[in-house]
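*Asks:* Pasting a predicted model and its sequence here:
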2 protein chains.
Amino acid sequence: MKSAILSVGTELLFGQVTNTNTVYLSQKLNLMGIDVMYHSTVGDNPERAKHELRRLLEEVDLVITTGGLGPTQDDLTKEMAAEVMGVELVLDKEELKKLESFFIKLGREMTENNIKQVMLPVTDGFALPNNGGTAPGCVFEKNGKTVICLPGPPREMTAMFTESVVPYLYKKVDAVIFSRMIKTIGIGESQLENDLQPVINGQTDPTIATYAKEGESCVRVTSKRATEAEAVAAVDAMVEKIRGLVGQYIYSINDEELNQVVARKLIEKNLTISSAESCTGGLFASTLIGNDGISSSFERALVTYSNRAKEEELGVSRETLERFGAVSEETAVEMADGLRKVTGSDLCISVTGIAGPSGGTEEKPVGLVYICLNYKGEVDCREYRVRQLNRNWIRNYVVMLMLRMVYQKIK
Amino acid sequence: MKSAILSVGTELLFGQVTNTNTVYLSQKLNLMGIDVMYHSTVGDNPERAKHELRRLLEEVDLVITTGGLGPTQDDLTKEMAAEVMGVELVLDKEELKKLESFFIKLGREMTENNIKQVMLPVTDGFALPNNGGTAPGCVFEKNGKTVICLPGPPREMTAMFTESVVPYLYKKVDAVIFSRMIKTIGIGESQLENDLQPVINGQTDPTIATYAKEGESCVRVTSKRATEAEAVAAVDAMVEKIRGLVGQYIYSINDEELNQVVARKLIEKNLTISSAESCTGGLFASTLIGNDGISSSFERALVTYSNRAKEEELGVSRETLERFGAVSEETAVEMADGLRKVTGSDLCISVTGIAGPSGGTEEKPVGLVYICLNYKGEVDCREYRVRQLNRNWIRNYVVMLMLRMVYQKIK
């Protein structure tokens, strides 16, 4: 089955919001063996939206729309889809009751513009309940074409998709696509594609595609078979061949983020970790702590943003700070050493640097950073000069460098 | 001038990457008075990509493509665009020299697949240098249509756009669009639209549109005029009318994030702040520290993830932890009080809760959180029961609640 995703909303064309809905839906549809051929975004303009929906339905049999189900004047997706599909919308009394009690519970008045949220198809279609918000979605089915209208807010959309759309679509599919994302560090995309030529050439299923992300290169291996078991087996066999060619660069074949892999290994190997951050301001701790179960490994972190905090929390000597400065190898080493005295963790990692845009000098420019990893007393301190892009890009990149150092120490 | 953005890349249709390029380009194009009518995404398939480009060029005069400029087999955007536009690509010797020295500097071999990156138009078009990566972009101009091919990696794309595309486009535009995003907290989208009816009805320029984001509702006010000054004046006059109607809910008219507004006010009012975080794991500190200049206000943060850390760093009594538990009002109050003793900050904020998915009980479920704000000794502690969505959603939502408490205290 071929599908397309149509996102409706002028705020998207203004660049006011990032479209994460297409990411989610594309992943989920592919997992069910439904090919996604197009993503398309139109504004809150009924004529252009209808035109776009008609065009997509000429090329695919399933279109999923997001956005435009709310109570305001701009919300017109259902009306537009109903017209294109030639299906009538009627007032759904059950959904109206739910909507009324939602407003009563909130202690707010239900303004009249909310009524259109409960105009839904009953023949050639049906309503999809919204358990995470107020606007129901719906399905239109006619003449071999299907249009599914989902809410725009991602949380509501994903809940409705999981609860109602997945069971509905599973009845319609006849093949399964399985895909693995292999993630690497330390090799560029063109070299990676070059090294994988022995398996890429002439390969039709599984397909192999490389691409570049910030600081890493990835390989996507995809197979489409009659059953999930066959697709998984085909992909896994290819992944083993790829390991044989570039295995030393691979850190995950399960599309995990580096922080997830590091968290998992720390927990598995019963290693404790703590951090003392300056310029990254808690981002390293926050990133690792995003992983459930981390409490057995990560029990404390310090954000010693000022010199005074470095002295008081970590015992960094004033003489070191005055002589070498806060951003120096000497300070980074004392921070990690002080952290070890305070926490006793197996891994004590410190970072001090200049994230900018202010604070840089000719001698110590923006992007200069020292990361020190003290592993059971064994000290490894490195200096980096990161690209002077912007404050948050630098902080995120430095956290990635810290995760890399930890990964390479514990793998 | 009407435009469309065409993103090329099968990884997008698989949902492997989030398309931030369309967000950036949409914002920038709108600022220059160029209407964005469509976003479209196609896979690395030359036939479908050509078909889509041809279709878009029937409706708009400018198409910006992203992706597909690299060295691999899947990279075919320039070739596809050249064919649609009827323009020849030739080997650019200057760009070839740059590419060769890039590989020499890296100490890597330049594999042959890299050559196609320097096949570029010279008549009916020109190359755009890539100072952030290896693949040059290009412009095709013919028969009143323009196609601009930019790299996929966001950092390279935005640099090329700023350096080369903006000056080029500014010569072509004849009107300016100016837009303000008004951000509110404490009012739902349907109520907001209802309260704004006096200014929305029959309004053609500036246009006013509301929409909902997680936890907040926003209003976009947009004007298109002959000059930037006229557009700004029209928008600002409308913003004042909107203030008159819903001013008490507005926290920003400059499209700032709540953390930016809070950081700015803390610095302006010379207030110091420190934080003691448990479940949020450093995310609150990290969020505020993302703002340059924060060092005058935020000098220290503690992530006291374990009970032991709460006792040792903040002096929370073991009796309190054993009697009421780590996640309790009593513990939150002692954390903030202990923080005040350690740092002496004007604002001392603590948070303790259960981010999940594990760790919840019937009595203390996932989503239960206590936030305590100790403002110069004046204590305000609140209990929240946040939706049990997922760990990182909960952590982010709690940080937003913390920022809101700080904002309401200092505004």
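*Replies:* Perfect, I can see it now.
*Asks:* ok, so what distance separates A:G293 from chain B?
*Replies:* 7 Å (CB to the nearest CB, to the nearest Å). All C-beta atoms are positioned from the backbone trio N, CA, C, and that covers glycine.
*Asks:* How about A:Q16?
*Replies:* From A:Q16 over to chain B (counting by CB to the nearest CB), the distance is 6 Å.
*Asks:* Please determine whether the lowest-mean-pLDDT helix or strand in chain A lies in contact with chain B.
*Replies:* Here the helix or strand of chain A ranked lowest by mean pLDDT, DSSP states H and E is strand A:207-213, holding a mean of 82. Yes - using CB under 8 Å from any CB of the partner chain, strand A:207-213 reaches chain B at A:A209, A:T210, A:Y211, A:A212, A:K213.
*Asks:* In CSV, list those residues along with distance to B:V386 and neighbour count.
*Replies:* Listed next are those as CSV, based on distance: CB to CB, whole Å; neighbours: other CB atoms under 10 Å in any protein chain shown:
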residue, distance to B:V386, neighbour count
A:A209, 39, 22
A:T210, 40, 27
A:Y211, 36, 26
A:A212, 37, 19
A:K213, 31, 15
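*Asks:* Look at the most far-flung residue of chain A relative to its centre and report its pLDDT.
*Replies:* Relative to the centre of chain A, the most outlying C-alpha is that of A:E319, 43.9 Å out, by CA atoms, centre = their mean. A:E319 is assigned a predicted lDDT (pLDDT) of 97.
*Asks:* which SSE is it in?
*Replies:* If you go by DSSP states H and E, A:E319 is part of helix A:318-324.
*Asks:* Pull the residues that contact that helix.
*Replies:* Here helix A:318-324 makes contact (CB atoms under 8 Å, 6 or more residues apart in numbering or on different chains) with A:N307, A:K310, A:E311, A:S328, A:E330, A:T331, A:E334.
*Asks:* In it, which residues are buried?
*Replies:* Across helix A:318-324, burial judged by 16 or more other CB atoms under 10 Å in any protein chain shown covers A:T320, A:L321.
*Asks:* Mind checking what helix or strand follows it in sequence?
*Replies:* helix A:329-343.
*Asks:* and A:V327, how far is that from A:N291?
*Replies:* For A:V327, the distance to A:N291 equals 29 Å [CB to CB, to the nearest Å].
*Asks:* Where does pLDDT dip in chain A?
*Replies:* Applying pLDDT under 70 to chain A picks out residues A:214-215.
*Asks:* Outline the domain layout of it.
*Replies:* Domains of chain A are assigned by automatic domain parsing as A:2-170, A:176-252, A:258-410.
*Asks:* Tabulate these in a markdown table, adding columns for distance to B:R323.
*Replies:* Listed next are the domains of chain A as a markdown table, based on distance: least, CB to CB, whole Å:
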| stretch | distance to B:R323 |
| --- | --- |
| domain A:2-170 | 35 |
| domain A:176-252 | 43 |
| domain A:258-410 | 21 |
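*Asks:* right, so of the ones you listed, which gets closest to B:T158?
*Replies:* Across the domains of chain A, B:T158 has its closest neighbour in domain A:258-410 (9.5 Å, CB to CB).
*Asks:* Between the two ends of the closest one, how far is it?
*Replies:* Chord length of domain A:258-410, first to last residue, is 13 Å (CA to CA, to the nearest Å).
*Asks:* Just give me how far that domain sits from the chain centre.
*Replies:* 24 Å (CA atoms, centre = their mean, to the nearest Å).
*Asks:* ok, A:A309 - contacts?
*Replies:* When contacts are counted by CB under 8 Å, 6+ apart, A:A309 touches A:L302, A:V303, B:E299, B:R300.
*Asks:* Then the last one would be within a strand, right?
*Replies:* Yes - if the criterion is DSSP: H, G, I helix; E, B strand; the rest coil, then B:R300 is within a strand.
*Asks:* That one: neighbour count?
*Replies:* Residues lying near B:R300 (other CB atoms under 10 Å in any protein chain shown) number 24.
*Asks:* which stretches of the stretch 1-150 of chain A form strands?
*Replies:* Counting by DSSP state E, counting those that start in this stretch, one finds strands in the stretch 1-150 of chain A at the ranges A:2-8, A:35-42, A:62-66, A:90-91, A:119-120, A:125-128, A:137-142, A:145-150.
*Asks:* With respect to chain B, which of those lies nearest?
*Replies:* strand A:35-42 (3.6 Å; CB to the nearest CB).
*Asks:* who's in contact with the closest one?
*Replies:* Contacts of strand A:35-42 (CB under 8 Å, 6+ apart): A:1-9, A:12-13, A:19, A:22, A:25-26, A:29-30, A:48-49, A:52, A:56, A:59-60, A:177, B:7, B:12-15, B:19, B:22, B:37-43, B:48, B:52.
*Asks:* tell me which residues in that strand are buried?
*Replies:* For strand A:35-42, a neighbour-count test (16+ other CB under 10 Å) marks A:D35, A:V36, A:M37, A:Y38, A:H39, A:S40, A:T41, A:V42 as buried.
*Asks:* Likewise for stretch A:176-186?
*Replies:* Under the neighbour-count criterion of 16+ other CB under 10 Å, stretch A:176-186 has A:V176, A:I177, A:F178, A:S179, A:R180, A:M181, A:I182, A:K183, A:T184, A:I185 buried.
*Asks:* Pretty sure the fifth one sits against A:A231.
*Replies:* To tie it back to what came earlier, the one meant is A:R180. No - when contacts are counted by CB atoms under 8 Å, A:R180 is not listed as touching A:A231 (10.4 Å).
*Asks:* circling back to that earlier point, ranking the strands of the stretch 1-150 of chain A by burial, who's on top?
*Replies:* Among those, strand A:62-66 has the highest mean neighbour count (mean count of other CB atoms under 10 Å in any protein chain shown), at a mean of 27.
*Asks:* How far away from the center of its chain is that strand?
*Replies:* Taking CA atoms, centre = their mean, one finds the center of strand A:62-66 at 21 Å from the center of the full chain.
*Asks:* Which secondary structure elements does it sit against?
*Replies:* Helices and strands touching strand A:62-66, by 3 or more CB pairs under 8 Å, 6 or more residues apart in numbering or on different chains; DSSP states H and E, are strand A:2-8, helix A:21-31, helix A:46-59, strand A:145-150.
*Asks:* and with 6 Å instead?
*Replies:* Strand A:62-66 sits against strand A:2-8, strand A:145-150, with contacts defined as 3 or more CB pairs under 6 Å, 6 or more residues apart in numbering or on different chains; DSSP states H and E.
*Asks:* if we compare those strands, which one ends up closest to B:L96?
*Replies:* B:L96 lies closest to strand A:2-8 among the helices and strands packed on strand A:62-66, at 39.0 Å (CB to CB).
*Asks:* can that closest one be found next to chain B?
*Replies:* No - in terms of CB under 6 Å from any CB of the partner chain, no part of strand A:2-8 sits within range of chain B; the closest distance is 7.6 Å.
*Asks:* Between helix A:21-31 and that strand, find me the angle.
*Replies:* 160 degrees (axes from the mean of the first three to the mean of the last three CA atoms, to 10 degrees).
*Asks:* Going along the chain, name the strands of the stretch 251-400 of chain A.
*Replies:* Using DSSP E, counting those that start in this stretch, the strands of the stretch 251-400 of chain A run over A:273-277, A:298-304, A:347-353, A:368-375, A:378-385.
*Asks:* Would you mind pulling the contact partners of the third one?
*Replies:* If I follow you right, that is strand A:347-353. Outside strand A:347-353, the residues that touch it by CB atoms under 6 Å, 6 or more residues apart in numbering or on different chains are A:273-280, A:326-327, A:331-332, A:335-336, A:339-340, A:368-375, A:402.
*Asks:* of the residues you listed, list those near chain B.
*Replies:* Applying CB under 6 Å from any CB to the contacts of strand A:347-353, none is adjacent to chain B.
*Asks:* For A:L57, which non-adjacent residue is closest in space?
*Replies:* Sequence neighbours aside, A:K145 is the residue nearest to A:L57 in space, at 5.3 Å (criterion: CB to CB, 6 or more residues apart in numbering or on different chains).
*Asks:* That neighbour contacts A:E58, correct?
*Replies:* No - at 9.8 Å, A:K145 does not count as touching A:E58 under the criterion of CB atoms under 6 Å.
*Asks:* rewinding a little: now the strands of the stretch 1-150 of chain A as TSV including distance to A:Y170?
*Replies:* As requested, the strands of the stretch 1-150 of chain A are exported to TSV (distance: least, CB to CB, whole Å):
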stretch	distance to A:Y170
strand A:2-8	14
strand A:35-42	16
strand A:62-66	13
strand A:90-91	28
strand A:119-120	23
strand A:125-128	15
strand A:137-142	14
strand A:145-150	14
